[in-house]
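Engineer: One predicted model, sequence on top.
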Amino acid sequence: MAVIINFDREEATPPAQVLSLMERIANLAAEGLALPAAVEVSVMFCDDEAIHALNKKWRDVDAATDVLSFPLLDDAEDWHEAPEVEVLLGDIVISLERAAEQAKRYGHSQEREVLYLFTHGMLHLLGFDHLEEDERQEMRRREEELMHAAGAPPR
């Protein structure tokens with residue numbers, strides 16, 4: 001799976017190890033759902049100001065958040081319609097400012113928080129949600145499974 005990383009600012013570049021783990025998480029998620037080999041996810045790292053603007057524009061929520069996901073496919077069946085061509089799953093936007101704050105609050109590294117936010121966003125692109133308690137529990141379980149299987153730092 002191709003994971004394309006875009007940076008809002010040059011100083012927002014995460015360590016190479018984090019980028020490698022993000023790619024492993026994306027590949028594990030794709031394998032778990034039997035997605036075609038040629039799928040792409042775009043990731044943008046930004047600050048709170050940029051994610052606030054996106055949240056306001058696309059969700060009409062006037063606040064910064066930690067991660068936004070913008071799926072390009074409406075249905076899981078769309079992933080399998082043309083396996084011979086690359087499928088763009090969508091975009092994930094992560095606020096590195098918010099990730100740093102949350103890492104401090106939860107007592108783990110910023111790298112782990114970024115990986116968690118990426119995993120959370122990836123699952124949203126794959127159709128998972130957490131509006132109901134049972135969905136939230138299932139999504140959280142999958143997040144932890146993917147991060148553990150990829151070798152992400154523990155909590």
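Structural biologist: Nice, I can see it. Numbering: from 1, shown residues only.
Engineer: tell me the strands in this protein, going along the chain?
Structural biologist: According to DSSP state E, the chain carries its strands in the segments 2-7, 39-46, 67-71, 87-95.
Engineer: ok, and which of those strands has the densest surroundings?
Structural biologist: For these, average neighbour numbers computed from mean count of other Cβ atoms under 10 Å are highest in strand 87-95, which has a mean of 23. Any C-beta I mention is one placed from the backbone N, CA and C, and that applies to glycine too.
Engineer: which regions of the protein lie under the pLDDT threshold?
Structural biologist: Within the chain, the ranges that satisfy pLDDT under 70 run 1-3, 5-12, 36-38, 74-85.
Engineer: quick one on the thing from earlier: can you tell me which of the strands of the chain is nearest to Arg142?
Structural biologist: Distance to Arg142, taken as Cβ to Cβ, is lowest for strand 67-71 among these, at 14.3 Å.
Engineer: which secondary structure elements does that closest one contact?
Structural biologist: Under the contact criterion of 3 or more Cβ pairs under 8 Å, 6 or more residues apart in numbering; DSSP states H and E, strand 67-71 touches helix 48-59, strand 87-95, helix 110-125.
Engineer: Could you rerun that using 6 Å?
Structural biologist: strand 87-95, helix 110-125 (3 or more Cβ pairs under 6 Å, 6 or more residues apart in numbering; DSSP states H and E).
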